[in-house]
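1. Using only what follows, build the 3D model:
(one chain, ligands or ions: 1)
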Amino acid sequence: MNYQVDDNGYYGRFGGAYVPEILHKCVEVLQKQYLEILQSEAFGREYRVLLRDYAGRPSPLYLAGRLSEKYGCRIYLKREDLNHTGSHKINNTVGQILVARSLGKKRIIAETGAGQHGVATATVCALMNMPCVVYMGRTDVERQQPNVEKMRMLGAEVVPVESGNMTLKDATNEAIRDWCCHPADTYYIIGSTVGPHPYPDMVARLQSVISEEIKGQLAEKEGRDYPDYLMACVGGGSNAAGTVYHYLDDERVQIVLAEAGGEGVLSGRSAATIQLGREGIIHGARTLVMQNADGQIEEPYSISAGLDYPGIGPLHANLARVKRARVLAVNDDEALKAAFELTRLEGIIPALESAHALGALPKMTFKKDDVVVLTVSGRGDKDMETYLNNGQLIIND
Ligand SMILES: *Cc1c(COP(=O)(O)O)cnc(C)c1O
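-> Residues are numbered from 1 along each chain as shown. Here you go, the predicted structure:
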């Protein structure tokens, strides 16, 4: 079984590049050139140096003693929360801005929901002195003020999008519209393993530094370079793709993906796309999409803005379909509880997204010697208001 993208840009039946005529050429140029750029020596050198000296890699692999005791196995946390800008997203934006520069592009656009990808993009644009426009639904602009302020301080123009529900899907449409108007000079930095081919593969490769590091770190700490379980949360799928990338073909390793159940998978307020989605086209790719009977995209819901996406990367849709990955839905309350648990057991406040991966732990049965690597995709600073508003319930539980 081959889990990687094929020559036509598909993972099994998912993926491809469904883009408007006007973008055809720039997507094709990217398809033809991205591997050459990513594999060039010049790119490799600059990317590695920036990840190390700017983003703070390698991120630690931490054996969480008290959490391990609680779940009766050996749990290592991959600490993406310690990266510059607070999550794994910087791995991708550092890489893509170098790709943009190689292609001779002069202007960067991006979409953002919670603002994490927007901040990571605005950050590398400041670093590389490139103009940056970030599209963000007006609803999100209002509820994610600190990230909007960071983007503006970094020099980005944040454009509030007024169409639809004024959230991520609408911001994405607007970014694509901008790209259509400026295909020659503009590069679109997509924030996850989504979008038309080659984005899912390119983003997975840029995030694969996570599993590359896990291999070396586990070899050192456990005397074997693979775990029994890999666990990560999935929104679009980039931190999960990075976590599993170098283990996809290693069937000794079980992959567990946590998607956002919201108020319950069947509650009508959920973002459990793999369970609820049907095949369709979103953001330029064929994948599982939350949609109504007419094929209109349904608004997803999760307490976590980063998981609140009505699609899923084609790599993950395929991993779920061929049963290479086990997918668990973790509801809002389970994620909140897991966030407080990690905080009180280990002194680490995780991002709400990452708390969904942690919330999958009680749904598993482990053996004492099992080695589990769970990716903490980001830190919880941005989620303090949600935690404080819901904390009392949990602590007294
Ligand atoms: C954006 C984000 C996610 C979800 O995105 P993926 O592409 O699925 O990784 C998860 N965790 C954090 C901290 C994020 O900022």
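2. all helices for the stretch 101-250 of the chain, in order.
-> In the stretch 101-250 of the chain, the helices defined using DSSP state H, counting those that start in this stretch lie at 116-128, 138-143, 145-153, 168-181, 199-207, 209-222, 238-244.
3. if we look at the shortest one, which residues are touching it?
-> When contacts are taken as C-beta atoms under 8 Å, 6 or more residues apart in numbering, the neighbours of helix 138-143 outside the stretch itself are 112-115, 148, 158, 160-162, 165-168, 171, 305. Where C-beta positions appear, they are placed from N, C-alpha and C, glycine not excepted.
4. Filter those residues down to the buried ones.
-> Buried members of these, scored by 16 or more other C-beta atoms under 10 Å, are 112-115, 148, 158, 160-161, 166-168, 171, 305.
5. could you give the mean pLDDT of stretch 311-319?
-> Averaging the model's pLDDT scores along stretch 311-319 yields 98.
6. tell me which of the buried ones among the contacts of helix 138-143 is nearest to R13?
-> Taking C-beta to C-beta as the measure, R13 lies nearest L168 of these, at 24.7 Å.
7. Name the nearest residue to the closest one, sequence neighbours excluded.
-> Leaving aside its chain neighbours, L168 sits nearest to G113 (3.6 Å; criterion: C-beta to C-beta, 6 or more residues apart in numbering).
8. Give me the phi and psi for the one you found.
-> The phi and psi torsions at G113 (degrees, to the nearest 10) take the values phi -100, psi -80.
9. can you pull the contacts of it?
-> M136, G137, D140, T167, L168, A171, A305, G306, D308, Y309.
10. likewise K221?
-> K221 touches L61, L63, Y76, counting by C-beta under 8 Å, 6+ apart.
11. The same query, at a cut-off of 7 Å, please.
-> K221 is in contact with L61, L63, counting by C-beta atoms under 7 Å, 6 or more residues apart in numbering.
12. I'd assumed P350 was in contact with G380.
-> Yes: taking C-beta atoms under 7 Å as the contact criterion, G380 and P350 are neighbours in contact, 5.4 Å apart.
13. Whichever residue of the chain sits closest to the ligand and T172: what is the separation?
-> For the chain and the ligand, the shortest gap (C-beta to the nearest ligand atom) falls at G378, measuring 2.4 Å. G378 sits at a distance of 20 Å from T172 (criterion: C-beta to C-beta, to the nearest Å).
14. Which helix or strand contains L35?
-> helix 24-39 (DSSP states H and E).
15. CA atoms only for that helix, dumped as PDB, please.
-> As requested, C-alpha coordinates have been extracted for helix 24-39 and formatted as PDB (Å, rounded to 0.1, in the frame of the first residue of the first chain):
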ATOM      1  CA  HIS A  24      -4.200  26.600 -13.900                       C
ATOM      2  CA  LYS A  25      -0.900  27.900 -15.000                       C
ATOM      3  CA  CYS A  26       0.500  29.000 -11.600                       C
ATOM      4  CA  VAL A  27      -0.700  25.700 -10.000                       C
ATOM      5  CA  GLU A  28       1.000  23.800 -12.800                       C
ATOM      6  CA  VAL A  29       4.200  25.700 -12.400                       C
ATOM      7  CA  LEU A  30       4.200  24.900  -8.700                       C
ATOM      8  CA  GLN A  31       3.400  21.300  -9.400                       C
ATOM      9  CA  LYS A  32       6.400  21.100 -11.800                       C
ATOM     10  CA  GLN A  33       8.800  22.900  -9.500                       C
ATOM     11  CA  TYR A  34       8.100  22.200  -5.900                       C
ATOM     12  CA  LEU A  35      10.000  19.000  -5.500                       C
ATOM     13  CA  GLU A  36      13.000  20.400  -7.200                       C
ATOM     14  CA  ILE A  37      13.000  23.400  -4.900                       C
ATOM     15  CA  LEU A  38      12.300  21.400  -1.700                       C
ATOM     16  CA  GLN A  39      15.100  19.000  -2.600                       C
END
